[in-house]
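1. Here's a sequence, model it:
(chains A and B)
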Amino acid sequence: AQSVTQLDSQVPVFEEAPVELRCNYSSSVSVYLFWYVQYPNQGLQLLLKYLSGSTLVESINGFEAEFNKSQTSFHLRKPSVHISDTAEYFCGEVKAAGNKLTFGGGTRVLVKP
Amino acid sequence: DTEVTQTPKHLVMGMTNKKSLKCEQHMGHRAMYWYKQKAKKPPELMFVYSYEKLSINESVPSRFSPECPNSSLLNLHLHALQPEDSALYLCASSHIIGGLGEKLFFGSGTQLSVL
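-> Sure thing, here's the model as predicted:
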C-alpha cells in the first residue's frame, strides 16, 4: 500500500488565486516529509521539508506546508500563484532512521492566466 | 557547483543494444541514487550507493547494472532492455544517505526509449 497519498492528480488554478495541494502519509513511525517540484523537462527540486520543530514550514518562493500529526497530513499551500508555478508537485517521506525517499503520485498544477 | 549532470539527455536503443547512462556531481556528496520515472508517475527508487558501495537495490532486474567508479560518478549500464523500460531515468545525490532528511539534488534525467 502506498504510504504517501496525494489526493488530487491535477489542480487547475487561475493566476493570483490561492492553491492547496493535499498530501497524507500513513506511517505510524516518525517521518521526515518533503515537497519536491518538477518543472517540465527537468529533474526534481526540493521545495521545502519538515524534520521537526515548528509544524509550519516555508519556502523562499511563497509556498508553505503544515505538518499535522493528528490528521497525518502535510498539505502545501500558496496564497497567490504565478504562471511560473505550473509544474508537477510531489510529496515525499523518509521514515526516521530510514534511507529511502518515497513519493506520492504527484499533483499537476496548471496555472491559467 | 550545485548541479547533478546526466548524459545523454535522450537515448533511443534497441532491445539487443548495450548502452550506459552517466551521472556526475562535484558537491562532495557520498550518496548517489538512480530513480525511474514513467510518464505521469512519481519517481521510483532503483539503486542507492553510499560511499561508493551499493546500499539498496529495489529488486531491479539484472538488465540494469549500476556502477559507482568513484565518489563523483554513477553509471547505469543497460543491456537487453524491454520496451516497458522506456522512461525518464533520474540520478540524484545527497550529502549522506537520506535518514536524517537529507535534501536530494536531482539531475534533469535521461529520457530513454527502447524500441
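
2. Tell me how many other residues surround B:Val12.
-> Neighbours of B:Val12 under the rule other Cβ atoms under 10 Å in any protein chain shown: 13. Heads up, the C-betas are built off the backbone N, CA and C, glycines and all.

3. give the contact list for B:Glu24.
-> Contacts for B:Glu24 (Cβ atoms under 8 Å, 6 or more residues apart in numbering or on different chains) come out as B:4-6, B:72-74.

4. And A:Gly62, by the same measure?
-> A:78-80.

5. Enumerate every residue touching the most centrally placed residue in chain B.
-> Chain B has B:Trp34 as the residue nearest its centroid, 2.8 Å off, counting by Cα atoms, centre = their mean. Going by Cβ under 8 Å, 6+ apart, B:Trp34 touches B:23, B:45-47, B:66, B:74, B:76, B:89-91.

6. Mind picking the two most distant members of those residues?
-> B:Cys23 and B:Leu45 (14.5 Å; Cβ to Cβ).

7. which of those two has more neighbours?
-> B:Cys23 (26 against 20).

8. Next, count neighbours for the residue nearest to the more buried one when sequence neighbours are not counted.
-> Distances taken as Cβ to Cβ, 6 or more residues apart in numbering or on different chains place B:Cys91 nearest to B:Cys23, at 3.4 Å, with adjacent residues excluded. By other Cβ under 10 Å, 26 other residues sit near B:Cys91.

9. who's B:Cys91 bridged to?
-> For B:Cys91, the beta-bridge partners under DSSP bridges are B:Trp34.

10. how near is it to B:Leu21?
-> Using Cβ to Cβ, to the nearest Å, one gets 8 Å for the distance from B:Cys91 to B:Leu21.
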